[in-house]
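> have a look at this prediction, sequence included:
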Amino acid sequence: MDMDTITRTELNSTLKVFGARIYASIDNLRDTLESFVVRAEEHDKARDAKLDLRDKVLDAKFAHMDERWRLTNLRVDEIASEMRDVKRTLSNQRYWIVGTAIGAVLGVGAFNATVLSNMIAAFESGKSISAAQAEIIQRSREMEQAIDHMRSRLEALPLPMPVSNPPNQSPPPSSRPQSASRRRRPWARR
């Protein structure tokens, strides 16, 4: 026999060995796949539990956020209501402000009219005072002239004879001759 030729029994035994190896590999692959499936299922269960826990936490947070959102909406509604009230108040205040401004303008006008009236009265009073002052000056000049005339007449009268005075005695003040500068009043005008 030739080395290249194979007998049927050899072929059958080779095929049986080959088949046994294939069946062993398939069984090994099946066992590996089954263990993988078991581990994948355990992993899926753990992941599902973790996701369920996360969903519960998120639901609690969103429930809290929903409550906060509801409270925020209520507060916004309150603010909008207050703003409407403020608008109404401001429209009423606008009338008060306009009325106050008109009153202030009228008050300033009245004050200006009073000041103008007082200034005119003071000017008129100044006119009459200046006329009275001119009259007083004229009368004081006339009086000064009359006094000068009386002095000149007094000086023209003869003086009485002096009585002899004892030594170390000064003459009486009326008998002392007065100088012309002392006779005049320094404030009198000429």
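Everything's here; your move. Numbers count the residues shown, from 1 in each chain.
> what's around Ser140, how many residues?
By other CB atoms under 10 Å, 13 other residues sit near Ser140. All C-beta spots, glycine's among them, are computed from the backbone N, C-alpha and C.
> give me the mean pLDDT for whichever strand or helix holds it.
Using DSSP states H and E, the element containing Ser140 is helix 8-156. Helix 8-156 carries an average pLDDT of 90.
> show me what that helix is packed against.
Here helix 8-156 touches no other helix or strand, going by 3 or more CB pairs under 8 Å, 6 or more residues apart in numbering; DSSP states H and E.
> so what's the gap between it and the chain middle?
Between the centre of helix 8-156 and the centre of its chain there are 14 Å (CA atoms, centre = their mean, to the nearest Å).
> so that it lines up with my notes, have the first residue be 36 from now on.
Yes, from this point I'll number from 36; that puts the last item at helix 43-191.
> count of neighbours near Asn153?
Asn153 is flanked by 10 other residues according to other CB under 10 Å.
> residues in contact with it?
Shown in contact with Asn153 (CB atoms under 8 Å, 6 or more residues apart in numbering): no residues.
> how near is it to Lys162?
15 Å (CB to CB, to the nearest Å).
> now do the SS call for Pro193.
Here Pro193 takes the coil state, with states given by DSSP: H, G, I helix; E, B strand; the rest coil.
> so what's it up against?
Counting by CB under 8 Å, 6+ apart, Pro193 has no contacts.
> what values do phi and psi take at it?
Note on Pro193: backbone dihedrals following degrees, to the nearest 10 are phi -70, psi 140.
> how much space between it and Asp183?
From Pro193 to Asp183 the distance is 20 Å (CB to CB).
> also Gln128?
Distance of Gln128 to Asp183, given as CB to CB: 79 Å.
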